[in-house]
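Student: Have a look; sequence and predicted model below, questions after that.
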Amino acid sequence: MSTESTQDMMHMMKVEPGKEHQWLQRAVGEWSFQGECCMGPDQPKSTMSGTETTRSVGGLWIVQETSGECPMTKQPVTTIITLGFDPAKSSFTGACIVSVMTHLWKYDSGELDASGQKLTLNTEGPDFTTPGKMRRFRDIIEFKSDDLRLMRSEMLLDDGEWSEIMRAEYRRTK
C-alpha cells in the first residue's frame, strides 16, 4: 500500500464525534421500560415491560440490549439495536434484531426533528397481518429529559396513514 493510501485510510479512521453522535450518547446507561403494543390497527393491545442496557462504542455508536417478555407468546425476548450517524449521508443509521424474529431491521435513514429531541428512524419489515408482504415502519425516539425517553413504532398502512403499533416509556435506573 502506498504512503498516500495509508494516510487516506488513517484519515478515514480518525473520526471525531459530532453533535448527532453526542445526541445518541444520551441513551448510555441502564433503563427500565413499560409500554404496550399491537400487531395492527384492529388488533388487541398487550402490555410489556423489561430492562435495557445501552453502551457506547467509540463515542460514535450505541448498542442497546433490551430484555423482556414477548407480549404475544409470553416467551423471553431480547432486542439488540445499533445506532450511529453517518456524516457522509447526513443520516442516522443502524440495525435491529429481535430474538423472536428472523428479519434484520435496517434503519435506512433517520433524522432529528427541529427541536433536537426526537429521532425518527425509517425501516422496512414484514407485514404482521399479511404473510410474505413487506411494509414501511418507523421508530421514533424522543428524550423528554436525560432520565426519561419515549419510543414509538409505527407502520405505514395501505391508505398512506401511519398506525402506532408500540409505545414505551423508558426511565433511567443508572
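Tutor: On my side now, so go ahead.

Student: can you map out the strands along the protein?
Tutor: The residue ranges that make up the strands of the chain, judged by DSSP state E, are 29-37, 46-57, 61-69, 76-86, 91-98, 105-107, 109-112, 118-126, 134-145, 148-156, 162-172.

Student: May I ask which helix or strand of this structure has the lowest mean pLDDT?
Tutor: Within the chain, confidence by mean pLDDT, DSSP states H and E is lowest for helix 3-13 among all helices and strands, at a mean of 57.

Student: Low-confidence regions, the protein specifically.
Tutor: Low-confidence regions of the chain, defined by pLDDT under 70, span residues 1-13, 39-41.

Student: 90 instead?
Tutor: By pLDDT under 90, the low-scoring segments of the chain are 1-16, 37-48, 69-75, 100, 108-109, 127-131.

Student: Hmm, residue 108 is touching residue 93, no?
Tutor: Yes: using C-beta atoms under 8 Å as the test, residue 108 is close enough to residue 93 to be in contact (7.4 Å). For glycine as for every other residue, the C-beta is placed from the backbone atoms N, C-alpha and C.

Student: on that earlier part again, the strands of the chain: which one's closest to residue 18?
Tutor: Distances from residue 18 to each of the strands of the chain were compared by C-beta to C-beta, and the smallest falls on strand 76-86, at 6.8 Å.

Student: which residues are in contact with that closest one?
Tutor: By C-beta atoms under 8 Å, 6 or more residues apart in numbering, the residues outside strand 76-86 that reach it are 18, 20-21, 24, 57, 60-70, 91-100, 107, 110, 121.

Student: Buried ones among these?
Tutor: Neighbour-count burial (16 or more other C-beta atoms under 10 Å) applied to these gives 20-21, 24, 60-64, 66, 68, 70, 91-94, 96, 98, 107, 110, 121.

Student: Mutual contacts of residue 108 and residue 93, please.
Tutor: The contact lists of residue 108 and residue 93 share no entry, where a contact means C-beta under 8 Å, 6+ apart.

Student: Show me what counts as buried in stretch 134-150.
Tutor: Those would be 135, 137-141, 143, 149-150, for stretch 134-150 by 16+ other C-beta under 10 Å.
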